[in-house]
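K.L.:
what's the 3D shape of this:
(one chain, ligands or ions: 2)
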Amino acid sequence: MSNPRKVVIIGAGPAGYVCAIRLAQLGQDVTVIEKDFLGGTCLNVGCIPSKALIAAGSLIDKLGHASAMGISVENVKLDVHKLVEWKAGIVGKLTGGVGGLLKAHKVQVIMGEASIESANSVRVKAQGIDELLKTDDIVIATGSIPIEIPGFDFDEKDVWSSTGGLSPDRIPEHMVVIGGGYIGLELGIMYQKLGSRITVLEATDGALPGQDRDCVKIIQRSLKKRKVKLMTETFAQGYERRGDKLHVRVKTKKGDEVVECDQILSTVGRRPYSAGLGLEKVGLKPNERGFLTVDKQMRTSVPNIYAIGDIAGQPMLAHKGSKEGLVAAAVISGQPDEYDVRCIPAVIFTAPEMASVGFTEEQCAEKGLKVVTGSFPFAASGRAMSIMETEGMVKVIADAETDEILGVHMVGPEVTELIAEAALAIEMGATSEDLARTIHAHPTLPEAMMEAAEAVHNLAVHIFQKPK
Ligand code: FAD
Ligand code: NAI
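P.N.:
Ligands and ions are numbered 1, 2, ... in the order given. Okay, the predicted model is just below:
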């Protein structure tokens, strides 16, 4: 085997640590530098803690409906401190696991802040450490941070960022959520389930911009049922504390108003993070949105410097960063790999859940693609009825000429799990007929996807479709 390459990775989130492990598996000499916590945003203050709290909210929500099954659960009580402790325990197990894996793979981990000195050297600073590391390759995996808007600095008391929202010391009575995107809706609905009244202020004309509008309509209907108030085309201007209340000044289509609440959660997006990284020393310049531009092999314009994860562009999702980490590791190790994916699934843990992969109908129209769609409602699924979750549907979008599946969008029970089959179908170039002809076990939720694929050809069995 050839001599191992020395590789320094900056950032140990799901992009950086996955890249480190794969590089070690491929025989390289790897160092990871992390300034805060192993596991990055995802494991510490993102995907994992949010999904833990959301699971707790869903359990309480479900208990509230159990009487229809003849089960009465009285006096359900929530101990917020215990909930937060439980969540921290899960985070601890996973981040400890990442540390263990890095150690087992003989990856050197340095806890400190890294900056690039030259294309072949990285400086690490921490308490008592100021070290210059020589390296063959550098992988930048520094992630992203939440965007602050004027008038709503994150003090994590009155105004929570997502991080504050994941470690509550109480369940707010009325929370104003600024931004009706991924985090605003996931955490907003979670707090609603735990007992808060929620008002969401969204700048655009609907929740979850960019997502399939038929799916979003179902989510918006469900928000209404939950008495979550969604104010669209609305901008928060600032707030004042008056006693134990916060007065949020908002600008709406109809004029200005004040919304009184006792907590603000501001979730208006995230921006790539490269502060203090020394990019200028190697001539790297982020684009106008702050992302580093990379080629299909995850190389920046400096050939031995790679960028992966949130810093390397949209979508800012953990699994996209991990995939890029695997590609960068293979390329550094001399393998002929490249980031050539047909689709990236997205999952949103709202209630009901939403998931999508591939193009939306709007995107198909922009590309001039003629499509046929088929949908199947969960209300017609025996499995959905048996778990009392019949809200939602699956939509399959297929090319009108070739029948190739171009997109699958769904909202309903467990769709965040169901989407994996659709991703595989698109990745393998399957047609909607392939999906329709695949036997799906009964009674299960994925049958809805099979029926949606049948519906593309007007052949769904468990709903009536008018003959064409
Ligand atoms: P990060 O995870 O941000 O890791 C970057 C790391 O680099 C950090 O640990 C940081 O401390 C470190 N770092 C930065 N600069 C330096 C430096 N100079 N020196 C040393 N270390 C440095 N995505 C999903 O796919 N599914 C979800 O369900 C999901 N839920 C989310 C929920 C919330 C509340 C949030 C905030 C995000 C969520 N995301 C989710 C997004 C996901 O967390 C990110 O896409 C993912 O963490 C990006 O991975 P990364 O490795 O690029 O960056
Ligand atoms: P987002 O981009 O999903 O949503 C931000 C929302 O705020 C948008 O709807 C936008 O129109 C709105 N907005 C922007 N400025 C505003 C203003 N001044 N006033 C009112 N509304 C305003 O960003 P979010 O929710 O902060 O999440 C960041 C990213 O983290 C996501 O885009 C996603 O990549 C990732 N994430 C993924 C999750 C998942 O995969 N389940 C869960 C949570 C986050």
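
K.L.:
Where does the prediction get shaky in the stretch 301-450 of the chain?
P.N.:
Along the stretch 301-450 of the chain, no part satisfies pLDDT under 70.

K.L.:
Contact residues of it facing ligand 2?
P.N.:
Proximity of the stretch 301-450 of the chain to ligand 2, by C-beta under 6 Å from any ligand atom, involves residues 315, 316, 317, 347, 348, 349. C-betas here are computed from N, CA, C, even on glycine.

K.L.:
run the last query once more with 8 Å
P.N.:
Within the stretch 301-450 of the chain, the positions lying close to ligand 2 (C-beta under 8 Å from any ligand atom) are 310, 314, 315, 316, 317, 318, 346, 347, 348, 349, 416.

K.L.:
right, and residue 357 touches residue 346 too?
P.N.:
Yes: under the criterion of C-beta atoms under 8 Å, residue 357 makes contact with residue 346 at 7.2 Å.

K.L.:
Comparing those two, which shows the higher neighbour count?
P.N.:
A count of neighbours by other C-beta atoms under 10 Å puts residue 357 above the other of residue 357 and residue 346, at 25 against 20.

K.L.:
Backbone dihedrals for that one, please?
P.N.:
phi -150, psi 140 (degrees, to the nearest 10).

K.L.:
which parts of the stretch 351-468 of the chain sit against ligand 1?
P.N.:
Counting by C-beta under 8 Å from any ligand atom, no residue of the stretch 351-468 of the chain is near ligand 1.

K.L.:
And the residue of the stretch 351-468 of the chain that's closest to ligand 2?
P.N.:
residue 416 (7.9 Å; C-beta to the nearest ligand atom).

K.L.:
and what of the stretch 1-150 of the chain?
P.N.:
residue 149 (4.9 Å).

K.L.:
Relative to residue 266, how far out is that residue?
P.N.:
7 Å (C-beta to C-beta, to the nearest Å).

K.L.:
more crowded one of the two?
P.N.:
A direct count of neighbours by other C-beta under 10 Å for residue 149 and residue 266 places residue 266 higher, at 26 against 17.

K.L.:
Report the contact partners of that one.
P.N.:
146, 148, 149, 152, 154, 159, 160, 161, 178, 179, 236 (C-beta atoms under 8 Å, 6 or more residues apart in numbering).

K.L.:
got it, and residue 58?
P.N.:
193, 351.

K.L.:
okay, now the domains of the chain?
P.N.:
Using automatic domain parsing, the domain parsing of the chain gives 6-146+271-332, 159-268, 346-456.

K.L.:
Between those, which one is closest to residue 468.
P.N.:
domain 346-456 (10.3 Å; C-beta to C-beta).

K.L.:
First-to-last residue distance for that closest one?
P.N.:
Terminal residues of domain 346-456 lie 22 Å apart, using C-alpha to C-alpha, to the nearest Å.

K.L.:
I'd like to know the phi and psi angles of whichever residue of the chain sits closest to ligand 2, please.
P.N.:
Closest to ligand 2 within the chain is residue 181: 1.7 Å, counting by C-beta to the nearest ligand atom. The phi/psi pair for residue 181 (degrees, to the nearest 10) reads phi -100, psi -150.
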